[in-house]
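J.: sequence first, predicted model second:
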Amino acid sequence: MKNGTVYDIVIVGGGLAGGLAAVALARAGFHCAVVDAANPVKMREAAFDGRTTAISYASARVFRRLGLWDAVAHEAEPIRDILVTDGRAKSRFNDGAVSSFALHFDSEELEDATPLGWIVENRFLRNAIFDAIETEKNVDLFAPAKRAGANFNDGSAEVLLANGETITGSLIVAADGRLSALRGEAAIKTNEWRYKQTGIVVTVAHERSHEGVAQEFFLPSGPFAILPMTPVHEDGQITKHRSSLVWTEREDAAPAYMALDDEAFRTEIENRFGSYLGAVSLAGPRWSYPLAFTLAQSFIAPRLALIGDAAHAIHPIAGQGYNLGVKDIAALVDVVTEARGVGLDIGAMTVLQNYQRWRRFDSATLALGTDLLNRLFSNDFPPLRFARDIGMEAVGKIAPLRKVFMRHAGADLGSLPSLMQRDV
Ligand SMILES: Cc1cc2nc3c(=O)[nH]c(=O)nc-3n(C[C@H](O)[C@H](O)[C@H](O)COP(=O)(O)OP(=O)(O)OC[C@H]3O[C@@H](n4cnc5c(N)ncnc54)[C@H](O)[C@@H]3O)c2cc1C
């Protein structure tokens, strides 16, 4: 295509959300352009993003239906159990303490014993998405190419690139991340606050297998998550058991931890991790991400729809940020497909309002829920500690309630778009 093509949809941002949107919308028959400021060669490299993502089973259905799951399945570790514990890290002044109240979510309790999700390294998700984009005839990739402006007109909209090119489409999708400039230019306000917390991410190796158990250990500075990764094999033998850590630390304390030498950093990890998987060693570089909450007050404007972190950036405490974005994409596919089917303009506000109705309330509920969870657990205030331990005990004892939590973790509740529905 290219050369003066008028696209159906122009997607600004080719991250995990924008990239997946391009594939999903193209497969639904829309001609798409996707624009990203970064170089796709660099975006594919391991050094670009050290995170893993907990992919819910509803999101995995989207990857499967788009034919992307086969490319990541061998790198996706199923989450069989989630264990949530309240505690304090070991330090010079105490031996560490784990509350006797723990919550246990076991995938065996679900009717079909589906894993509660899968842990996948972001680089594998990104590579699967880019491979699909490169072979998809309905998508043109403009990258590296920075968006510098946009015009929204009666019959179409234009994305202006810094190199002077203009890309025209009926609808523009803003997938340009938490700080979305496109959202700001469309005068869409946000509710936002910083968490004064930093997410420290690192891969560790340990002696024993994690057996597919994800641990969330609530420490006063924030949650410390141990996420099961696929083991490393050599000559058909497992040579390394691995987990990805998301260690939420106070913003003012994080730089000192990031600056520690490897052995001191490893000791700090061991103080939090404990010894239940044997000796722990570092198995990759450290990364840090400032954590903030951002919720757009509207997910739409004339000829504009917001998806992914541009619409909602949330605390990683429940591993749901990207999963919300995947649901945005699946819902948008249904909304624009239905509009096209009856001959409507896919950029018209009457059409986009259906997307907004479907996604904004659902996103706001989950975003605020994760915010509350973080506030409740990221402190050492005795009455709150007592209340949350009693709450954990109650949820732990009521099987139907546990199942609701597990369905939430699987993003399998509420009105699901076609790409996310269960097979019948
Ligand atoms: C520590 C941590 C752990 C997480 N763990 C999980 C998890 O387990 N499960 C989960 O579901 N979610 C998780 N998340 C959330 C998840 O990582 C994000 O929701 C997701 O990466 C957002 O993707 P995105 O494509 O919307 O935004 P981004 O990744 O920010 O992508 C935006 C893209 O837009 C491009 N762009 C920006 N401006 C321009 C411009 N002017 N012109 C052209 N291109 C532009 C950028 O180059 C970028 O590629 C986690 C987040 C953190 C911080």
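T.: Now that the structure is in, tell me what you want to look at.

J.: which helix runs longest in this structure?
T.: Longest helix of the chain, by residue count under DSSP state H: helix 349-377.

J.: and it, is it in reach of the ligand?
T.: No - using Cβ under 6 Å from any ligand atom, helix 349-377 stays clear of the ligand, with a minimum separation of 10.4 Å. Quick note: C-beta positions are derived from backbone N, CA and C, even for glycine.

J.: check which residues of that helix are buried.
T.: Buried residues in helix 349-377, counting neighbours by 16 or more other Cβ atoms under 10 Å, are found at 351-352, 354-356, 358-360, 362-364, 366-367, 369-371, 373-374, 377.

J.: so what pairs up with the closest residue to Ala225 other than its chain neighbours in the strands?
T.: Leaving aside its chain neighbours, Ala225 sits nearest to Val246 (4.3 Å; criterion: Cβ to Cβ, 6 or more residues apart in numbering). Beta-bridge partners recorded for Val246 (DSSP bridges): Val201, Ala225.

J.: what's the burial count for Val246?
T.: Residues lying near Val246 (other Cβ atoms under 10 Å) number 23.

J.: now swap in the one 4 residues further on and tell me
T.: A count of neighbours around Arg250, defined by other Cβ under 10 Å, yields 15.

J.: what sits against the nearest residue to it once chain neighbours are set aside?
T.: Leaving aside its sequence neighbours, Arg250 sits nearest to Ser221 (Cβ to Cβ, 6+ apart; 4.9 Å). Ser221 is in contact with Gln197, Thr248, Glu249, Arg250, Ala253, Ser378, counting by Cβ atoms under 8 Å, 6 or more residues apart in numbering.

J.: give me the pLDDT for the second one.
T.: I take that to be Thr248. Listed pLDDT for Thr248 reads 94.

J.: the helix or strand that it is a member of: what's the following helix or strand?
T.: Here Thr248 sits within strand 237-250, counting by DSSP states H and E. In the C-terminal direction, the helix or strand that comes right after strand 237-250 (DSSP H and E) is helix 254-259.

J.: does that following helix reach the ligand?
T.: No - using Cβ under 6 Å from any ligand atom, helix 254-259 stays clear of the ligand, with a minimum separation of 11.8 Å.

J.: kindly report the same for stretch 58-78.
T.: No - judged by Cβ under 6 Å from any ligand atom, stretch 58-78 and the ligand are separated, with a smallest distance of 7.4 Å.

J.: what are the contacting residues of that stretch?
T.: The contact list for stretch 58-78 (Cβ under 8 Å, 6+ apart) reads 20, 23-24, 27, 55, 107, 115, 117-121, 124-125, 127-129, 131-132, 212, 228-230, 322-323, 326-327, 329-330, 410-412, 416, 419-422.

J.: out of these, which end up buried?
T.: For the contacts of stretch 58-78, buried by 16+ other Cβ under 10 Å: 20, 23-24, 27, 55, 107, 115, 117-121, 124-125, 127-129, 132, 212, 228-230, 322-323, 326-327, 329-330, 410-412, 416, 419-420.

J.: so which bits of the stretch 101-250 of the chain are right by the ligand?
T.: Lys146, Arg147, Ala175, Asp176, Gly177, Ala181, Gly199, Val201, Val246.

J.: just the ones of those residues in strands?
T.: Arg147, Gly199, Val201, Val246 (DSSP state E).

J.: can you turn the buried part of the residues you listed into a PyMOL selection?
T.: Selection of buried members from those for PyMOL, criterion 16+ other Cβ under 10 Å:
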select buried, resi 147+199+201+246
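
J.: closest one of the ones in strands among the residues of the stretch 101-250 of the chain next to the ligand to Ser275?
T.: Val246 (19.9 Å; Cβ to Cβ).

J.: so what's the closest one up against?
T.: By Cβ under 8 Å, 6+ apart, Val246 lies in contact with Arg51, Gly199, Ile200, Val201, Pro223, Phe224, Ala225, Leu227, Pro316.

J.: just give me the closest of these to Asp262.
T.: Nearest to Asp262 among the contacts of Val246, with distances taken as Cβ to Cβ, is Ile200, at 13.9 Å.

J.: check contacts around the residue nearest to that closest one when sequence neighbours are not counted.
T.: In this structure, Ile200 finds its nearest non-sequential neighbour in Trp247, 4.3 Å apart by Cβ to Cβ, 6+ apart. Trp247 makes contact with Gly199, Ile200, Val201, Val202, Gly222, Phe224, Ala225, Ile269, Arg272, according to Cβ under 8 Å, 6+ apart.

J.: make a markdown table from those and add distance to Ala162 to it.
T.: Formatted as a markdown table, the contacts of Trp247 follow (distance: Cβ to Cβ, whole Å):
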| residue | distance to Ala162 |
| --- | --- |
| Gly199 | 30 |
| Ile200 | 33 |
| Val201 | 31 |
| Val202 | 35 |
| Gly222 | 38 |
| Phe224 | 41 |
| Ala225 | 38 |
| Ile269 | 42 |
| Arg272 | 44 |
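
J.: report the separation between the residue of the stretch 151-300 of the chain found nearest the ligand and Tyr322.
T.: Closest to the ligand within the stretch 151-300 of the chain is Gly177: 2.7 Å, counting by Cβ to the nearest ligand atom. Between Gly177 and Tyr322 the distance is 12 Å, computed by Cβ to Cβ, to the nearest Å.

J.: okay, and the common contacts of these two?
T.: Common neighbours of Gly177 and Tyr322 (Cβ under 8 Å, 6+ apart) are Gly308.

J.: what's the burial count for the residue of the stretch 1-150 of the chain found nearest the ligand?
T.: Residue nearest to the ligand within the stretch 1-150 of the chain: Gly15 (2.4 Å; Cβ to the nearest ligand atom). Using other Cβ under 10 Å, Gly15 is surrounded by 23 other residues.

J.: check Arg80 too.
T.: Neighbour tally, Arg80, other Cβ under 10 Å: 18.

J.: can you show me the strands along the stretch 51-200 of the chain?
T.: 52-55, 76-79, 81-88, 97-106, 117-121, 139-142, 147-152, 157-161, 166-174, 190-206 (DSSP state E, counting those that start in this stretch).

J.: for the stretch 251-400 of the chain, just list every one of the strands.
T.: Under DSSP E, counting those that start in this stretch, the stretch 251-400 of the chain gives strands at 280-282, 287-296, 300-301, 304-306, 312-313.

J.: which of those is buried the deepest?
T.: strand 304-306 (a mean of 28; mean count of other Cβ atoms under 10 Å).

J.: for that strand, name the packing helices and strands.
T.: Identification of packing neighbours for strand 304-306 by 3 or more Cβ pairs under 8 Å, 6 or more residues apart in numbering; DSSP states H and E yields strand 166-174, helix 349-377.
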